[in-house]
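Asker: With the sequence up front, the predicted model follows.
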Amino acid sequence: MNEGSAEKVNMAFIAAIVAVATIGGFMFGYDSGVINGTQKGLESAFDLGKLGIGVNVGAILVGSSVGAFMAGRMADLIGRRGVMMLAAVLFLVSALLAGAASSSVLFIFARIIGGLGVGAASVISPVYISEVTPAAVRGRLSSIQQVMIISGLTGAFIANFVLARYAGGSTAPLWLDFPAWRWMFWLQAIPAAIYLVALLFIPESPRYLVARGRDADAEVVLTRLFGPLEAARKVAEIRASLAADHHRPKLSDLIEKTSGKIRPIVWTGIGLAVFQQLVGINVVFYYGATLWEAVGFSEDNALQINILSGVLSIAACLGAIALVDRIGRKPLLLIGSAGMAVTLSVVAYAFSTAVTGADGAVSLPGHNGLMALIAANLYVIFFNLSWGPIMWVMLGEMFPNQIRGSGLAVAGFAQWIANAAISVSFPSLAVSPGLVWTYMGYALFAAISFFFVRKMVYETKGRELEDMVG
């Protein structure tokens, strides 16, 4: 956007539609985090072993990978807002079905439905935000997505804690004689319904409208965002960025015509998406309560630690918002990689000192429990200061207009496949080779991600979306 037109930017309207779009991030977080604290209920209700728990917890990720892949292409067909509305419906249906499931099979089906919504929201909300915000503040506004994801996770942790405390345990009966863990899922229907209604009041992405040949509609939206003069210029700029290919976006655009190889920018996007998961963050989000109980904390204390981690995560995301458009995306990713490598190594060391008492209870001797707690929360802070929000910011802005939807489809699919691999494997890995080696593996991936960023990632701070190349 031209600096001379900056006074015409309608920041109140932009803030309002970003707020609505990021409810998808809240639902992403809530749907992902609600499983944390319900695992005792699932285990007792469906008679599950370690592998069964992993499959039931990871079921959402199957849907998420499919939803992320389909959403990118669907966004080019039915629009960014259309995909977000579909995701809201999926969230609502999943919440009702998961809480009512009478078997593991039905529960898995319900969570796959929710996963479709999570995957769609995870890739489309950042794209939509990046396409309706000025370049100078795009990083800050796009980072709100991660704040909302963590807010959703924290909201789920708090709801789980309150319901379990009120009922006397996650498996104890609550209202209408249903156990508390079922109400943990049903409660999600409330924000899902709010999300669906709120989406009716925001416009479609102007870049999608231009890509569909609806220049007049795009100009109306851009006029509300930036004023009439900037709107006309922006429509022409978007049209010019699409004109070189003379066709609507498609998946094959990810392959270079001259070399026949996948574009380098696509590999960078896939790398960012995969490394964000290989550092093991969702082990904390999905299995936090189980993890802390495994090293000697009570269920009540473990649920409180989840809430602490959520609050610290939100604070770290606010730090990212303050820094992303000042120092840039790449420096934050490098800081995060280094910090996570160190803190994960400390967590692994603390777990290596665990001892089993005569009564079979596991504990961390001396100050090692406090060391593990501090290091784990520093790890969460480093992640949410960097890779948490910045990966989504970059995926939403780094691809050229012609391949943005397709690039997001592939990167989002890779992100959720990596998420599934980490999440489903953790219960078994925690037993053999054990927590120590599992966390050292995550630390190794964090170290590797540092060198990946140095070599493969280029800075996008302050660049217009129409200027992105790859």
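Answerer: On my side now, so go ahead.
Asker: could you point out which element follows the worst-scoring helix or strand of the chain on mean pLDDT?
Answerer: Least confident helix or strand, the chain: strand 362-363 with a mean of 64, by mean pLDDT, DSSP states H and E. Downstream of strand 362-363, the first helix or strand assigned by DSSP states H and E is helix 368-385.
Asker: What lies in contact with that following helix?
Answerer: Residues outside helix 368-385 that contact it (CB atoms under 8 Å, 6 or more residues apart in numbering) are 146, 150, 279, 281, 284, 295-297, 305, 308-309, 312-317, 319-320, 323, 332, 335-336, 339-340, 343-344, 346-347, 349-351, 353, 363-364. To be clear about C-beta, it is placed using only N, CA and C from the backbone, and glycine gets the same treatment.
Asker: Just the CA atoms of it, as PDB, please.
Answerer: C-alpha atoms of helix 368-385 as PDB (Å, rounded to 0.1, in the frame of the first residue of the first chain):
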ATOM      1  CA  ASN A 368      14.400 -31.400  39.300                       C
ATOM      2  CA  GLY A 369      10.600 -31.200  39.200                       C
ATOM      3  CA  LEU A 370      10.800 -27.400  39.400                       C
ATOM      4  CA  MET A 371      13.600 -27.500  36.700                       C
ATOM      5  CA  ALA A 372      11.400 -29.600  34.400                       C
ATOM      6  CA  LEU A 373       8.500 -27.200  35.000                       C
ATOM      7  CA  ILE A 374      10.500 -24.100  34.300                       C
ATOM      8  CA  ALA A 375      12.300 -25.500  31.300                       C
ATOM      9  CA  ALA A 376       9.000 -26.800  29.800                       C
ATOM     10  CA  ASN A 377       7.300 -23.500  30.100                       C
ATOM     11  CA  LEU A 378      10.300 -21.600  28.700                       C
ATOM     12  CA  TYR A 379      10.100 -24.000  25.800                       C
ATOM     13  CA  VAL A 380       6.400 -23.100  25.300                       C
ATOM     14  CA  ILE A 381       7.400 -19.400  25.500                       C
ATOM     15  CA  PHE A 382      10.100 -19.700  22.900                       C
ATOM     16  CA  PHE A 383       7.700 -21.600  20.600                       C
ATOM     17  CA  ASN A 384       4.900 -19.100  20.800                       C
ATOM     18  CA  LEU A 385       7.400 -16.100  20.400                       C
END
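Asker: what's the helix or strand just after that helix packed up against?
Answerer: Once helix 368-385 ends, the next helix or strand along the chain (criterion: DSSP H and E) is helix 387-397. Judged by 3 or more CB pairs under 8 Å, 6 or more residues apart in numbering; DSSP states H and E, helix 387-397 is in contact with helix 104-131, helix 138-167, helix 264-278, helix 299-323, helix 329-352, helix 404-429.
Asker: and the angle from helix 387-397 to helix 404-429?
Answerer: 150 degrees (axes from the mean of the first three to the mean of the last three CA atoms, to 10 degrees).
Asker: List the buried residues for helix 387-397?
Answerer: Residues Trp387, Gly388, Pro389, Ile390, Met391, Trp392, Val393, Met394, Leu395, Gly396, Glu397 are the ones in helix 387-397 that count as buried (16 or more other CB atoms under 10 Å).
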